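**Q** Structure, please.
(chains A and B)
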Amino acid sequence: MEVGRLPISASQRGKLISAGYTTLSSLSSVSPSDLARELNISDAEAAQILKVASHGSRLDGSEGGCAAINGAQTAWEMLHEEEMFPRITTSCMDLDNILGGGINCKEVTEIGGVPGIGKTQLGIQLAVNVQIPVDSGGLGGKAIYIDTEGSFMVERALQIAEACIEDMSESDGLLRKDFKACQLKMHPNNILENIFYFRVCSYTEQIALTNYLEKFISEHKDVKIVIVDSVTFHFRQDFDDMALRTRLLTGMALKLMKLAKAFSVAVVLLNQVTNKYTEGSFQLTLALGDSWSHSCTNRVILYWNGNERYAYIDKSPSLRSASAPYSVTSKDCSHVWDWDSDLEFIF
Amino acid sequence: MANMVISEMDLPRWIANIFAARNIITAKDALSLTEFELMEFLDVGLAEVASAVAHISEIVCPPYQTALSLMEQRVQNEHLAGHLPTRLKGLDEALCGGIPFGVLTELVGPAGIGKTQFCLKLSLLASLPVSYGGLDGRVIYIDVESKFSSRRMIEIGMKSFPEIFLMKGMAQEMGGRILVLHPTSLSEFTESLQQIKVSLLQHQVKLLVIDSMAALVSGEYEQGAPRQHALGWHVSFIKSLAEFSRIPIVVTNQVRSQSRDEACQYSFQVQSWDETKDDRMRYDSHLVAALGVHWAHAVTIRLVLESKSGQRFIKVAKSPISPPLVFPFNITSSGMSLLSDDGFELTGPDISTIHCQGHNDIINFVGESLQ
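**A** You can find the predicted model right below:
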């Protein structure tokens, strides 16, 4: 029933149906005052219902013969847009390569791994790297860091900021861009100033913050990345109703995707691991269940391979499954200085 | 924040009444339903529901800070930018000053390796006056296994800080600042925690030690999944306690042998399972930290104490601010002391494994130190 799909309250819907209006086309030819009389509601309310109904029928294309559907984009336009936004580098060349250049804006990327593998490190690195000025190939944006576990250590952020500035002045020197570098010498404190830090203490606050982000980002238009560290923590305990948990998580994921698309920000969600019994044995897998695994666009798993840290692209619509080594040094997450190391391709 | 009442949020009168009539009292109730569900439940249009939810979210949402103001706050207001020095030079350097405030630090290792000794020394350090490098505050020591020995603590104090402890009445005052609790069950522990939260600021508590966390659940459940969820609430509570009061919380953990059921590989790794790894596991006493992977994620700093070929080591296994360093140590009459302040780096997952060889040495130490 078409009227059943309109975003109006249940009692309004009930009145429409009992008055005989079940399809959108039946509403297209009635005037607000007639409708108000038949349903016994105010003129203003009737006008609003008709407005919603006409919006609904336009989306359906039931008027027939519309050239473009409201809100759609052609694939060609999307390709151009993608090329316009540079990706956010992870400071690790191999990792950037398998990611197609870095973390993509306008998409939600999930990064998971065992404790101590470097998820928070990567999160902080991205919060710093998004601030690399446009002249040096970055986005020159700000970062929102949502900390649900209290693992954000300011001292480490300072270390990474200092290392980033060092790297930038080195590479600027190599490319002989000294005339600009002298003027725009960044200070680590500037970098720290551009990281907006939120500390979330319960899942209610996490949901409230996700709802509030839209308003926040429209007020701070230069935010280019939102990092949630970790998205799992508050959803892993005292949830007796698993169905509710799934609904809340899906709702949250959809809102974040909408945010990423609408404001062209990158959303990075850090996840924990858990054991899962499949194919006769226990295996490690990312937490929050199977339905959550569908929610994010891209999924990267950080793991130990022998004595080295590796990253594996588990799921991506445009990148192939591949692994790359990375390391966490006292300065930053950098690449392994071994040009002979080859990328493992796992299918 | 989650329990804020909707009626006090300045929503338009008519919608606030509807929320109340449908028994949606707190923000948590409202935000646990999707907007579509709320629309159906409250019989209100989508636009109104969306704006009410946006309004509630804005109020419940935590405030933000820039990372810079966070740093300035800590550097200005806190002792040594928020660290409790352990007086072990190498370890303090690795941890950027000492045990950090506001987060959980875990000590894990086999029995008798020195976890309680370390905790005793830390308790002492926290109670010392600021002029001697302490925090000049009270310490709450939750002693689950009755391992706290005041005699041993005074001995450590006498040997490490003779100039303070030989002064008249100091030993009594320092001892008086350390409050020891002996919960005998998980529910007693829960109650104590809630009491602690209330009296934390009032009584100037500067350190909380829980020795040991694993013992609280080991008596009550079988191994495996139930254990993780039993502590779920406590983990969140203790973490939020650490954060809001900005004190260091040190927790000790036990070890257990790894069951065959435990996973250590992802599904995409199974194809490249190494045969040699399997052999190595059989020769080593394969120990893992108790309390599972959920707990391992929750702690911020994990210090592994182990014994290999008769020598004890303390390893910084998980820390966002330090490289994976290993220091050899000894337990002497003045507590733990490092044999070398320049630890060596241990890359790879071995930093988290726990060895327990050369056990005899450990069991005899108690006799030696009290002579």
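**Q** any idea whether the closest residue in space to A:F152 that isn't next to it in sequence is helix, strand or coil?
**A** Using Cβ to Cβ, 6 or more residues apart in numbering or on different chains and skipping the chain neighbours, the partner closest in space to A:F152 is A:Y145 (6.1 Å). C-beta here means a position set from N, CA and C on the backbone, and glycine is covered the same way. Look at A:Y145: counting by DSSP: H, G, I helix; E, B strand; the rest coil, its state is strand.
**Q** now do A:I69
**A** Following three-state DSSP, we place A:I69 in the coil state.
**Q** Can you read off the backbone torsions of whatever residue of the stretch 251-371 of chain B ends up closest to chain A?
**A** Using Cβ to the nearest Cβ, B:G348 is the residue of the stretch 251-371 of chain B that sits closest to chain A, at 3.0 Å. Backbone geometry at B:G348, expressed as degrees, to the nearest 10, gives phi 100, psi 170.
**Q** Model confidence score at it, please.
**A** The model reports B:G348 with a pLDDT of 79.
**Q** Tell me which residue is most central in chain B.
**A** B:L104 (2.7 Å; Cα atoms, centre = their mean).
**Q** how close does that residue get to B:T252?
**A** 11 Å (Cβ to Cβ, to the nearest Å).
**Q** on that earlier part again, how about the residue nearest to A:F152, what does it touch?
**A** A:G123, A:I124, A:A127, A:F152, A:I195, A:F196, A:Y197, A:F198, A:I227, A:D229, B:A67 (Cβ atoms under 8 Å, 6 or more residues apart in numbering or on different chains).
**Q** which SSE is the third one in?
**A** Meaning A:A127. helix A:119-129 (DSSP states H and E).
**Q** give the contact list for B:N23.
**A** Neighbouring residues of B:N23 by Cβ under 8 Å, 6+ apart: B:D29.
**Q** a helix runs through it, doesn't it?
**A** No. Per three-state DSSP, B:N23 lies outside any helix segment and is coil.
**Q** pLDDT averaged over stretch A:160-176, what's the number?
**A** Per-residue scores along stretch A:160-176 average to 79.
**Q** excluding its backbone neighbours, what's nearest the residue nearest to the centre of chain B?
**A** That would be B:V299: by Cβ to Cβ, 6+ apart, it lies 4.6 Å from B:L104.
**Q** Now the one you found. Its backbone dihedrals?
**A** Recorded main-chain torsions at B:V299 are phi -80, psi 150, according to degrees, to the nearest 10.
**Q** In chain A, what residue spans correspond to helices?
**A** For chain A, the helices defined by DSSP state H cover A:10-18, A:24-28, A:32-39, A:43-60, A:75-84, A:93-98, A:119-129, A:154-174, A:178-183, A:188-193, A:203-219, A:242-263, A:289-293.
**Q** Any chance of TSV for the ones you listed, columns mean neighbour count and distance to A:S321?
**A** Formatted as TSV, those follow (neighbours: other Cβ atoms under 10 Å in any protein chain shown; distance: least, Cβ to Cβ, whole Å):
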stretch	mean neighbour count	distance to A:S321
helix A:10-18	16	46
helix A:24-28	16	45
helix A:32-39	16	56
helix A:43-60	16	37
helix A:75-84	10	21
helix A:93-98	19	9
helix A:119-129	26	19
helix A:154-174	18	29
helix A:178-183	11	39
helix A:188-193	19	34
helix A:203-219	21	29
helix A:242-263	17	22
helix A:289-293	16	15
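**Q** In JSON lines: the ones you listed, plus distance to chain B.
**A** JSON lines is the format used below for the helices of chain A (distance: least, Cβ to the nearest Cβ, whole Å):
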{"stretch": "helix A:10-18", "distance to chain B": "5"}
{"stretch": "helix A:24-28", "distance to chain B": "16"}
{"stretch": "helix A:32-39", "distance to chain B": "15"}
{"stretch": "helix A:43-60", "distance to chain B": "8"}
{"stretch": "helix A:75-84", "distance to chain B": "27"}
{"stretch": "helix A:93-98", "distance to chain B": "14"}
{"stretch": "helix A:119-129", "distance to chain B": "5"}
{"stretch": "helix A:154-174", "distance to chain B": "4"}
{"stretch": "helix A:178-183", "distance to chain B": "22"}
{"stretch": "helix A:188-193", "distance to chain B": "4"}
{"stretch": "helix A:203-219", "distance to chain B": "3"}
{"stretch": "helix A:242-263", "distance to chain B": "5"}
{"stretch": "helix A:289-293", "distance to chain B": "12"}
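**Q** hey, least reliable of the ones you listed by pLDDT?
**A** When I compare the helices of chain A, helix A:178-183 is least confident, with a mean of 51.
**Q** give me the low-pLDDT residue ranges for the stretch 251-371 of chain B?
**A** Within the stretch 251-371 of chain B, the stretches with pLDDT under 70 are B:259-263, B:270-285, B:358-371.
**Q** Burial check on the nearest residue to B:S322 once chain neighbours are set aside, number of neighbours?
**A** Closest residue to B:S322 apart from its sequence neighbours, by Cβ to Cβ, 6+ apart: B:A94 at 4.4 Å. Residues lying near B:A94 (other Cβ atoms under 10 Å in any protein chain shown) number 23.
**Q** And the pLDDT for B:A94?
**A** pLDDT, B:A94: 89.
**Q** In three-state terms, label B:Q65 for me.
**A** B:Q65 is classified as strand under three-state DSSP.
**Q** Report the contact partners of the closest residue to it other than its chain neighbours.
**A** The shortest distance from B:Q65 to any non-neighbouring residue, by Cβ to Cβ, 6+ apart, is to A:Y197 (5.2 Å). Shown in contact with A:Y197 (Cβ under 8 Å, 6+ apart): A:Y145, A:D147, A:F152, B:Y64, B:Q65, B:T66, B:A67, B:L70.
**Q** try 10 Å this time
**A** A:127, A:143-147, A:152, A:154, A:157, B:62, B:64-70 (Cβ atoms under 10 Å, 6 or more residues apart in numbering or on different chains).
**Q** so what's B:G109 up against?
**A** Per Cβ under 10 Å, 6+ apart, neighbours of B:G109: B:115, B:118, B:252-255, B:287, B:289, B:303-307, B:312-315, B:354-356, B:362.
**Q** residues touching the residue nearest to the centre of chain B, list them.
**A** B:L104 sits next to A:149-150, B:208, B:210, B:213, B:235, B:238-239, B:241-243, B:248-251, B:295, B:298-302 when contact means Cβ under 10 Å, 6+ apart.
**Q** Quickly list what the residue nearest to B:Q65 is bridged to.
**A** Using DSSP bridges, the bridge partners assigned to A:Y197 are A:Y145, B:Q65.
**Q** can you check B:P100 too?
**A** B:H83.
**Q** That one against B:I301, yeah?
**A** Yes. Taking contacts as Cβ atoms under 10 Å, B:P100 lies within contact range of B:I301: 6.9 Å.
**Q** Now for these two: what residues contact both?
**A** Shared contacts of B:P100 and B:I301 (Cβ under 10 Å, 6+ apart): A:M153, B:P248, B:S319, B:P320, B:I321.
**Q** Throw the residues you listed into a markdown table and include secondary structure, thanks.
**A** Conversion of the shared contacts of B:P100 and B:I301 to a markdown table gives the following (three-state DSSP):
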| residue | secondary structure |
| --- | --- |
| A:M153 | coil |
| B:P248 | coil |
| B:S319 | coil |
| B:P320 | coil |
| B:I321 | coil |
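**Q** which of these has the most neighbours?
**A** For the shared contacts of B:P100 and B:I301, the largest number of neighbours (other Cβ under 10 Å) sits with B:P248, at 24 neighbours.
**Q** Torsion angles phi and psi at that residue?
**A** phi -80, psi 140.
**Q** so it touches B:G82, yeah?
**A** Yes. Between B:P248 and B:G82 a contact is recorded at 8.7 Å, counting by Cβ under 10 Å.
**Q** Tell me, how many residues neighbour residue 21?
**A** Picked chain A for this. If we define neighbours as other Cβ under 10 Å, then A:Y21 has 21 of them.
**Q** Let me rephrase: I mean chain B.
**A** Neighbour count of B:A21, defined by other Cβ under 10 Å: 9.
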